[in-house]
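**Student:** turn this into a model:
(2 chains)
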Amino acid sequence: MSSSQPIRVLNVAEKPSVAKAVATILSRGQLHTREGRSRYNKIFEFNYTVRNQQCQMLVTSVTGHLMEIDFEDRYRKWHSCDPVDLYHAQIKKFVPEDKLDIKRTLEEEARWCQWLVLWLDCDREGENIAYEVVEVCSAVNSRLNIWRARFSALIERDIHEAVQNLARPNKFLAEAVDARQEIDLRIGASFTRFQTMLLRDAFVLDFAGEERNMILSYGPCQFPTLGFIVERYWEIQAHEPEEFWMINCSHTSEEGTAKFGWMRGHMFDYTCAVIIYEMCVQEPIATVTKVRDQQKNKYPPHPLNTIELEKRASRYFRMSSEHTMKVAEELYMSGFISYPRTETDGFSERTDLRAIVQEQRGHPTWGMYAQQLLDPGVGLWRNPVSGGHDDKAHPPIHPTKFSAGESGWSQDHRRLYELVVRHFLACVSQPAIGAETTVEIDIAGEQFSASGRVIIAKNYLDVYPYESWGGSMIPKYSFGEQFTPTALTLDSGVTRPPPLLSESDLLSCMDKAGIGTDATMHDHIKKLLDRFYATKDANTHFSPTNLGEALVMGYDDMGYELWKPYLRSQMENDMREVSVGRKSKSQVLDSCLQQMKACFLDARVNKAKLLEGMGIFFDRSSRRGGDEQQVGGGVVGPCGICHESDMVLKRKPDGNFMVGCSGYPQCRNVVWLPGSISEATVTTQVCNSCTPGPFLRIQFKFRSIEIPPNYNANHLGCVGGCDETLKELIEICGTGSRNPPANIPGLVKIIIPVSAARGRGGHTSSSTSAQRGSTRQGVCTHCRQTSHSSNDCPSQVSRSQSVPPQRRNTQNGETSIACSTCGTMCGLRTANTETNRGRKFYSCQSRVCKFFVYAKLFLSADMGCYVCFMDIFQKTGHTWLSFKIIGSKKRRGNKKSNLRWEDSMGNNSGGSGANNSSSRSTSNPRSNPRGRGGHGRSGGRRGQSTTDTTFVSATGDPVSRRCFNCGDPSHFANVCPNR
DNA sequence: GCAAGGTC
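**Tutor:** All right, here's what the predicted structure looks like:
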């Protein structure tokens, strides 16, 4: 089929570079270029034949998304609506100001075209952009025949095939992105407004400069990224250093030294380790049980994609991912490297790799290597192995133009270009080859191994100096050979916490959890720094700031995993379902937004948790408070001070209630209510006593554990002045802003009755009759009985069954606490261990019990869990200690191995074993029993002073025959009756 | 003033 009139075809690509590449390939370089409305997006013109039809081709581009979404204007202002309304607010899709030029170009060109061919990237976002282009073009030309070109690489064959096999765009793919955009916007905007308005003005956040403009953003990508950082930080904080023990063996001969490692690794049980060590020392002859020689290859990396580029630039040059992408973008724009935003880590078979190598032959540093690669005689070439990722749009990052360094390049430009070139040359090279020898020996039934490596051919390592492959020689051994170790030592070590996350680690976490895309991951990381949620040190390690930790802690306390990656993963799954047509866009939107709205409302109800989290790290602000400060409530009665406005029940951000004049700030009349109130509702019952009225009564609900037991948790009260019970509870419980965390799941309260109540501030002097009774007249604070003191109150014992009653020590005016386990007083001390040096902690002074709590540090108590010490405070005449349980205690290692000594050593205990060992030791011609004193390590680090037992190397000092546990020479430790 | 996703 052919026609005399050529078809006018408007081709639109996702970016200018693709438009140019497509036009150049299709026109074979015979094209005319003209300007469009946008200076970046040129228009290329040429003639082409599509399936025998003459076409007049116009190729132009957009720059990514042409449109944005946002709320309708009436919802744009933060105070225009309740943030929860953002789950239903109308959303508009529009072309933003900076894209109007591109829109005009499309409109002008589409008017006189018959076909529209969409050359957007072949992924979900590309398909969505395709529909944005369709919307703009169809609006001016409804007769357009709309086609989609699908290509997997910008190479001739693919592009020609794509244009000869045009398809229709896929609505499902585009709708998946629509859903993603809408969900991100609604969740992000609602939570951001909520937490910013709640927290910004409630606390002193002076690190951020102008606090008023500070935004505490929430985003479904940025929060899980923060979550990774906080989680690692908590893991480090919770780490409890544990001492472990290992046996090391070395053997030196004329050929060199071999260091043999214990194949058990290490043991946490000192007793076991010492007994095994003792056994080895008694029979120190080593027998070679295995010699294995094999060739080992170290393979070059896969071709480079964006995430690997960012990770390697961070590891090798400590460049931030954001800076790396900026430099890579510049190198790409000036033509030196290929498109830097790619997931692909394998080259297409059709790529002319040798041509790329050929270009690098003239480089003064790696040119020679490039030449060798191309020489078949050298045999250095190897086709690159794919890493298995393919975005179907871009090749792996590779050099596209030779440069020995440009004058305008910074050091980072040079380093990044060099990395791209060296990486490319490496991945078309042979692996490094090494010869590895592994030797295993047996000493008294214990296995040890050593290995050595010799590099035979460095191959790709010659051009890739960023990686090394260490190797050392060991002496030659043969199977069955016996020797006496030169040294056999029992060494100790201490477990260390994992390191803080590096930028490379963080990118890996995000990649694995599907947080962000290769083009946006660095943006999410940067956002955490910009929002003061995290900091990065010189070694690219991330720590959460107090703000970041407080936010995560707050949401964690609520029981929501908004800071974990699962929410995003779930969304990604839903998007996938939409993109293949298994679920509809509206179905996913409805269910996801409904779920998130419920979560949002619940978070708002539980906002006290966020405030508590923030309260741990920040001081309260003296400002009037944020937009969220006063919520709920109802009119209680007329204001008796200004006589103009009403007194209204309100709840403050810290969760406490107040009744204040609605004429504030002109009128400052206020009644502060007890901090122990969990709920308060204005009823319709009018108080008959208070004037001038009418005053409505308020139904209060108190947290029973925070009020004395003889008070009713449900109280119908009045704030007009007649309610004595309310007055008493105000005095007992106080109304201050720094109340303890509420009695919520996850918090353990340890009740520490005081012998001499020391209330907060002025409350002691104006204490209620109940308090006075307990402190001066010997009446129990809890139940007001005189038969016992508050220390022994049965009501308290039954209430805190898991924690015995404690005492408070007021010595030196310091608040001490009693151990929750054994009752002994705990003293405040300063830690001196490597990881916790300088931290204050409470420790049981009994030296038997292991109760200890670090101030704001997680440690294990005998409760068998990690706890976070939150606060010590006084309330209702008691000292309270609140903790948060943050996880169950994990104990590492200490495998219950089948220790042979249980049998053999037990039978051999006593004199005969000693004689055997002694004779072997001295009969060994290579040993020098007493002449090399000091070489052996004392194994009795823990028990040496009390057991008088020393353990030494086979070449060194004598071995004591006494039990190291109790010092008795009649038996060995494994059968010690005192153990 | 808010998200995340394109790209210059």
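**Student:** for DNA strand B, see how far away residue A:605 is.
**Tutor:** Separation of residue A:605 from DNA strand B (C-beta to the nearest atom of the strand, to the nearest Å): 21 Å. Where C-beta positions appear, they are placed from N, C-alpha and C, glycine not excepted.
**Student:** distance check, that residue against residue A:194.
**Tutor:** 12 Å (C-beta to C-beta, to the nearest Å).
**Student:** over to residue A:412?
**Tutor:** Residue A:412 is 40 Å from residue A:194, by C-beta to C-beta.
**Student:** those two: which has the busier surroundings?
**Tutor:** Set residue A:412 next to residue A:194 and count neighbours by other C-beta atoms under 10 Å: residue A:194 wins out with 23 against 18.
**Student:** work out for me the element that one sits within.
**Tutor:** helix A:171-199 (DSSP states H and E).
**Student:** and if you look at residue A:240?
**Tutor:** Short version, using DSSP H and E: residue A:240 is in no helix or strand.
**Student:** same question, residue A:104
**Tutor:** helix A:100-110.
**Student:** would the helix or strand just after that helix count as contacting DNA strand B?
**Tutor:** Per DSSP H and E, the first helix or strand lying C-terminal to helix A:100-110 is strand A:115-119. No. Strand A:115-119 is not in contact with DNA strand B by C-beta under 7 Å from any atom of the strand; minimum separation 12.0 Å.
**Student:** could you check the angle strand A:115-119 makes with helix A:100-110?
**Tutor:** 140 degrees (axes from the mean of the first three to the mean of the last three C-alpha atoms, to 10 degrees).
**Student:** what sits up against the following helix or strand past strand A:115-119?
**Tutor:** Sequence-wise, the next helix or strand downstream of strand A:115-119 (DSSP H and E) is helix A:124-140. Contact partners of helix A:124-140, identified using C-beta atoms under 8 Å, 6 or more residues apart in numbering, comprise A:10, A:12, A:14, A:62, A:64-67, A:95, A:103, A:106-107, A:110-111, A:116, A:118, A:120-121, A:144, A:146, A:148, A:169-171, A:173-174, A:176-178, A:393, A:575, A:579.
**Student:** can you check stretch A:719-729 too?
**Tutor:** A:636-637, A:647, A:659, A:671, A:673-674, A:676, A:687, A:689-691, A:693, A:695, A:698, A:700, A:702, A:707, A:711, A:715, A:717-718, A:768-770.
**Student:** from these, which would you call buried?
**Tutor:** The neighbour count (16 or more other C-beta atoms under 10 Å) marks A:636-637, A:647, A:659, A:671, A:673-674, A:676, A:687, A:690, A:695, A:698, A:700, A:702, A:707, A:711, A:715, A:717-718, A:768, A:770 as buried among the contacts of stretch A:719-729.
**Student:** which of those fall within strands?
**Tutor:** Among the buried ones among the contacts of stretch A:719-729, the members found in strands (DSSP state E) are A:636-637, A:647, A:659, A:671, A:698, A:700, A:702, A:715, A:717.
**Student:** from the residues you listed, which is closest to residue A:617?
**Tutor:** residue A:702 (28.1 Å; C-beta to C-beta).
**Student:** for that closest one, list the residues it contacts.
**Tutor:** A:674, A:676-678, A:711-715, A:729.
**Student:** so what are the domain limits for chain A?
**Tutor:** Per the record, chain A has its domains at A:7-169, A:179-239+A:499-614, A:243-298+A:437-494, A:306-430, A:630-724, A:747-888, A:900-975, by automatic domain parsing.
**Student:** and the longest one, end to end?
**Tutor:** If I follow you right, that is domain A:179-239+A:499-614. Using C-alpha to C-alpha, to the nearest Å, one end of domain A:179-239+A:499-614 lies 33 Å from the other.
**Student:** what segments of the stretch 251-400 of chain A are helices?
**Tutor:** With DSSP state H, counting those that start in this stretch, the ranges of helices along the stretch 251-400 of chain A come out as A:270-282, A:306-317, A:321-333, A:353-359, A:367-374.
**Student:** right, and those - which one's nearest DNA strand B?
**Tutor:** Minimum separation from DNA strand B across the helices of the stretch 251-400 of chain A (C-beta to the nearest atom of the strand) falls at helix A:321-333, 5.7 Å.
**Student:** buried residues, that closest one. List them.
**Tutor:** Neighbour-count burial for helix A:321-333, counted by 16+ other C-beta under 10 Å, picks out A:321-325, A:327-328, A:330-332.
**Student:** mind saving the C-alpha coords of that helix as PDB?
**Tutor:** Provided in PDB are the C-alpha atoms of helix A:321-333 (Å, rounded to 0.1, in the frame of the first residue of the first chain):
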ATOM      1  CA  SER A 321      25.500   9.800  45.500                       C
ATOM      2  CA  GLU A 322      23.900  13.100  44.800                       C
ATOM      3  CA  HIS A 323      27.300  14.700  43.700                       C
ATOM      4  CA  THR A 324      28.200  11.600  41.700                       C
ATOM      5  CA  MET A 325      25.000  11.900  39.700                       C
ATOM      6  CA  LYS A 326      25.600  15.600  39.200                       C
ATOM      7  CA  VAL A 327      29.100  15.000  37.800                       C
ATOM      8  CA  ALA A 328      27.900  12.000  35.800                       C
ATOM      9  CA  GLU A 329      25.100  14.100  34.300                       C
ATOM     10  CA  GLU A 330      27.700  16.700  33.200                       C
ATOM     11  CA  LEU A 331      30.000  14.100  31.700                       C
ATOM     12  CA  TYR A 332      26.900  12.700  29.800                       C
ATOM     13  CA  MET A 333      25.800  16.100  28.600                       C
END
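**Student:** so, in contact with DNA strand B or not, the helix holding residue A:104?
**Tutor:** No. Judged by C-beta under 7 Å from any atom of the strand, helix A:100-110 stays clear of DNA strand B, getting no closer than 8.6 Å.
**Student:** any chance you could list what contacts that helix?
**Tutor:** In contact with helix A:100-110 (C-beta under 8 Å, 6+ apart) are residues A:10, A:12, A:36-39, A:41, A:43, A:58, A:60, A:62-63, A:66, A:95, A:116, A:133, A:136-137, A:139-141, A:144.
**Student:** run the last query once more with 7 Å
**Tutor:** Under the contact criterion C-beta atoms under 7 Å, 6 or more residues apart in numbering, helix A:100-110 has outside partners A:10, A:12, A:36-38, A:41, A:43, A:58, A:60, A:62-63, A:66, A:95, A:116, A:133, A:136-137, A:140-141, A:144.
**Student:** got the angle for that helix vs helix A:124-140?
**Tutor:** If you take the same axes, to 10 degrees, helix A:100-110 sits at 60 degrees to helix A:124-140.
**Student:** wait, residue A:96 sits on residue A:68?
**Tutor:** Yes. If you go by C-beta atoms under 7 Å, residue A:96 and residue A:68 touch, sitting 5.1 Å apart.
**Student:** near DNA strand B, which residues of the stretch 1-150 of chain A show up?
**Tutor:** A:14-17, A:40, A:63-65, A:68-71, A:76-79, A:98-99, A:121, A:123, A:125.
**Student:** ok, residue A:378 touching residue A:372?
**Tutor:** Yes. Between residue A:378 and residue A:372 there is a contact at 4.7 Å, judged by C-beta under 7 Å.
**Student:** so these two - more neighbours on which side?
**Tutor:** residue A:372 (19 against 11).
**Student:** roughly how far does that one sit from residue A:587?
**Tutor:** Taken as C-beta to C-beta, the span from residue A:372 to residue A:587 is 59 Å.
**Student:** tell me the confidence at the closest residue to DNA strand B within the stretch 1-150 of chain A?
**Tutor:** When scored by C-beta to the nearest atom of the strand, the stretch 1-150 of chain A has residue A:64 as its residue closest to DNA strand B, at 2.2 Å. In this model, residue A:64 is scored at 95, pLDDT.
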